[in-house]
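S.K.: One predicted model, sequence on top.
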Amino acid sequence: MEGKSRIPGKLSPPRFPEPILHREHILDSLGIPPPTPVIFLCAGPGYGKSILLYQLAHSFGPFVWYAFERQDRDPRCFLRWLTLALEPFLPDTSLITEEPGFLSLLNALLGLTGPLLLVLDDCQVIFDSPTFDLIHRLLQHRPPRLFLALASRCLPDWDDLPQLQSRGDVRLLQAEELRFIPDEARNLAVDSYGMDISPVQLQALMARTEGWPIAVQLALRAALSLGNLEEALRHLEEPGGPLPAYLASEVLEAQPAQLREFLRDTSILGRLTPSLCNALLQITDAEEKLNRIYRENLFLYREGNSHPPSYHYHPLFAAFLQSLLRRDKARWQMLHSRAAQILEGQDDPAGLEQAIEHRLCAGEPSKAIPLIIRLAPSMLQSSRLNDLEGWIARIPEEGKERHPALLLFLAQVQIERGLMDAALATLHRAEENFRRQGDEAGLSRALRHRGTVLWREGEIQEAIASFSQALEHLPPEARRDRAALLNTLALAQAAVDLPAAKEALREARRIMAEEGDRFGLATVLTNLAGFILFRQGELDEALRALEKAAGIFQELDNRHFLAYCFGNTATILALKGEYERAGELARQMLNIGRELGLRNIEGRALDTLAFLELVSAPPNPDQALKYARECFRCALECENRGAEVDARLMLAFVHRWRGETVEAEREATQALTLSREMNNRWDIARSLLELAVVNLAAGNLQEAREHLKESRRLLEAYQARFALTEVDFWLAATALAEENDEEAIACLKRALGVARQHGYDAIFLRERHHSLPLLALALAQGLELDYTVHLLRHIGTEATPYLLERLPSSDRNAQERIISLLGEIGDRRALAPLEILGGKEGKLASLAQGAAARIASRPPVPLRVYLLGPFAVLRGGEVIT
């Protein structure tokens, strides 16, 4: 028989080239045996349908493999070969006639004694043939022990398919379900290609390929050859490469010429609709063509359930088709120009973005410029810096000179990326062109952005001068520009004149509200919280302002500014001692910074995370140092001297916590020097405070006192309640170290009073090595008694040694307070001293006996193992080495 030579290919699974990835998560979701008796895989070429069928078959057990060929469109040929394949599993072959028919085969299959899987591959070969009708009938009248697994490039047009699915008879898996998930791509890279792949590389691989299995494999294979995944992704669709060759042979050559031309010409569209394709190609049958392309799974994906439908091509398939269209330069430019003209008339932001791309591809940059200027503000607000920068880069220099607004937008991108020198140069060009054109409003905006750069670089007075010039050039009717200018002016004023900054923000907030500018209002609220309320110690009010701002940014889908809200909120929560919530927000900020490629946001998040690694239990000083160092690198890369001060102060804090006082003093001193160069009084005060604490740790008490007093003097001008309370805390600690109890009590009384009133518990709960002697003194002196007891109860057994140390030298009332609290804390280390006191007579002895009894009745505190130095065990607050 002529067909016998083809038996191995038709009735045997193909041999798959290595490596093969086991699609475990799909097989697990299907179940073995599958609860749904019919599995239908439907996707375009390269989605691994045959491999998945093979894996499903071998997981199932007994199976028959049938791969359709052209001759199988004749149902008699198909039934002959299918019967031959099924015969070994049929208990009674006498039911099959000499010339097999569908009914006789169906009757024979009813006699199956166990489950059997029939695999039908390449079903698209028999579409629109009588054989495919037989397959449909087989699904409708399937014998109970027969399971089917089918694969096709085309979606069947069976009217009852939705009913079969809802009834649980058919499970349809399409391209979306057959794509590689990130874990699969990583496993393929590591296990099959022996490649290390970072999370960033994996994200790039998935974004470029959209999980298309053949593209993932070709990219990894190229990366193995080139030694660089990024380069492999860049060259993936280049002419002559493996992917274009695959698409040409597997997809395009099989299509009729008219459909090939339609695919090629519509590939320039980011979003395809029947009306847009008809207008672009000046035809009337686009809907019919799109339906066919979609049904045949030619890498066209439907977007939602809109009517009329809209589609998009797989980006790699679109790039391949565009490479073919580019060979005809005149047609390439004509189609792009026509597409832009169509989209510009629709007044849809997404369509206008596509129109910009079409104008640039058509070689019409002058027509793209007005569209870029129109969309740039929203692009900046939504942090789409790469797209905006890419458009501006494709405008010739003379176009930027004639339209200096483009230079302004470019400078804003550079500012957000931390490229301050480049931003100043771009702004200088913009200023010159605005002056030459007599554009006062444009000149004002350029001066405002120059002020922003100067402020970020720490040139505070120069920044204020630039903002003031911007106000002079601002036309009276430009109210939103005035509000934005006052908003940024306040940032610089906050470093030297807090009342003026507060007044500027108040006016900006009023204008934004009157103008209905929700984005502007949210930025004002963010600055008000971060630069005014926070510095004044109004932490709860700052959190409320940030919550409102974050809600607006989320509504506007502005992740860039939302990240700043998260950062400010995390900082305040950390200072309030709410470490878990602070950590969650800091990590969200870090992720946004990394996703958007903004190192300034990333550095801010790392600063907070470094702090949290030290103050949370158990502390992790090594991880804190890693975060702090990476934060410092971010600041240097962004050329942001203000961020450099923050990073150096965090490094000083981490080194001090680790006992590395020399390194801590070096970083704090450099932060102070830099702050003085910038004349940023707020940062000078912060640097002096950290340097004072380092000196206290090193035993340089006089220097510590001098730094603290200077810091306090500067902070008083800001009415910085929280920071002043911190200074009073450290002044008390310094006085106590000097054995000057009188001054220690005076400073401590001030600090406790403000902390109690405003909920600044974290000041006393954070640096416990210094706070516990102070709190023991406060308890003995009866300072803010309820609040002091509240703090000591919160600290718990760590307070025991300090309370016992205060006990003998305190007066009788103080001793009673200490004994009572020791009984509440329940630390067994207090038993022996209390029992000695209890052996005496009087009220104090009776109180000691009661406290000892309470402690003795408590079960031992379980061990907690932390690494402190080489090794240590904590029982409660007691260190057992």
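M.R.: Sure, I can see it.

S.K.: Which stretches in the protein count as strands?
M.R.: Using DSSP state E, the strands of the chain run over 38-42, 63-67, 116-121, 146-152, 170-174, 300-302, 311-313, 863-866, 872-875, 878-880.

S.K.: For residue 213, which of these is the nearest?
M.R.: Smallest distance to residue 213 across the strands of the chain (C-beta to C-beta): 12.2 Å, for strand 38-42. Quick note: C-beta positions are derived from backbone N, CA and C, even for glycine.

S.K.: quick one: that closest one to strand 170-174, angle?
M.R.: For strand 38-42 against strand 170-174, the angle by axes from the mean of the first three to the mean of the last three C-alpha atoms, to 10 degrees is 20 degrees.

S.K.: Including mean neighbour count, distance to residue 440 and mean pLDDT, could the strands of the chain go into a markdown table?
M.R.: Shown next, in a markdown table, are the strands of the chain (neighbours: other C-beta atoms under 10 Å; distance: least, C-beta to C-beta, whole Å; pLDDT from 0 to 100):
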| stretch | mean neighbour count | distance to residue 440 | mean pLDDT |
| --- | --- | --- | --- |
| strand 38-42 | 23 | 62 | 94 |
| strand 63-67 | 20 | 75 | 93 |
| strand 116-121 | 22 | 72 | 94 |
| strand 146-152 | 23 | 66 | 94 |
| strand 170-174 | 19 | 58 | 92 |
| strand 300-302 | 17 | 49 | 84 |
| strand 311-313 | 19 | 44 | 89 |
| strand 863-866 | 11 | 64 | 52 |
| strand 872-875 | 15 | 67 | 45 |
| strand 878-880 | 12 | 69 | 45 |
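
S.K.: Which one of these lies nearest to residue 742?
M.R.: Set against residue 742 and scored by C-beta to C-beta, these come closest in strand 878-880, at 32.3 Å.

S.K.: To what extent is the residue nearest to residue 536 when sequence neighbours are not counted buried, counted in neighbours?
M.R.: Nearest non-adjacent residue to residue 536, counting by C-beta to C-beta, 6 or more residues apart in numbering: residue 719, 5.3 Å away. Close neighbours of residue 719, defined as other C-beta atoms under 10 Å, add up to 16.

S.K.: What does the pLDDT read for residue 719?
M.R.: Residue 719 is assigned a pLDDT of 76 by the prediction.

S.K.: One more: residue 369?
M.R.: In this prediction residue 369 is given a pLDDT of 97.

S.K.: That one reaches residue 403, doesn't it?
M.R.: Yes - with contacts counted by C-beta atoms under 8 Å, residue 369 reaches residue 403, the gap being 5.3 Å.

S.K.: burial count for the closest residue to residue 493 other than its chain neighbours?
M.R.: Nearest non-adjacent residue to residue 493, counting by C-beta to C-beta, 6+ apart: residue 501, 3.8 Å away. Neighbours of residue 501 under the rule other C-beta under 10 Å: 24.

S.K.: mind listing what residue 501 touches?
M.R.: By C-beta atoms under 8 Å, 6 or more residues apart in numbering, the contact set of residue 501 is 489-491, 493-494, 531-532.

S.K.: Make a markdown table out of these and add distance to residue 800 and pLDDT.
M.R.: Output for these, formatted as a markdown table (distance: C-beta to C-beta, whole Å; pLDDT from 0 to 100):
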| residue | distance to residue 800 | pLDDT |
| --- | --- | --- |
| 489 | 53 | 92 |
| 490 | 48 | 90 |
| 491 | 47 | 84 |
| 493 | 49 | 88 |
| 494 | 43 | 83 |
| 531 | 42 | 82 |
| 532 | 42 | 83 |
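
S.K.: would you turn the residues you listed into CSV with neighbour count and distance to residue 448?
M.R.: CSV is the format used below for the contacts of residue 501 (neighbours: other C-beta atoms under 10 Å; distance: C-beta to C-beta, whole Å):
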residue, neighbour count, distance to residue 448
489, 26, 8
490, 26, 12
491, 22, 11
493, 25, 14
494, 26, 16
531, 23, 17
532, 25, 20
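
S.K.: ok, these vs residue 91, which is closest?
M.R.: Closest approach to residue 91 among the contacts of residue 501 (C-beta to C-beta): residue 531, at 84.3 Å.

S.K.: ok, so what distance separates the closest residue to the closest one other than its chain neighbours from residue 562?
M.R.: Leaving aside its chain neighbours, residue 531 sits nearest to residue 494 (4.2 Å; criterion: C-beta to C-beta, 6+ apart). According to C-beta to C-beta, to the nearest Å, residue 494 stands 22 Å off from residue 562.

S.K.: ditto for residue 149
M.R.: Distance, residue 149 to residue 562, using C-beta to C-beta: 46 Å.

S.K.: swap in residue 520?
M.R.: 15 Å.

S.K.: Repeat that for residue 147.
M.R.: Distance from residue 147 to residue 562, by C-beta to C-beta: 50 Å.

S.K.: same question, residue 731
M.R.: 39 Å.

S.K.: Flag the shaky bits of the stretch 201-350 of the chain, pLDDT-wise.
M.R.: 237, 239-241 (pLDDT under 70).

S.K.: Give the closest residue to residue 683 in space, chain neighbours not counted.
M.R.: residue 675 (3.8 Å).

S.K.: brain fart, residue 741
M.R.: residue 777 (7.1 Å).

S.K.: Quick one, grab the pLDDT at that neighbour.
M.R.: Here, the pLDDT recorded for residue 777 equals 95.

S.K.: coming back round to it: out of the strands of the chain, which gets nearest to residue 621?
M.R.: strand 863-866 (11.4 Å).
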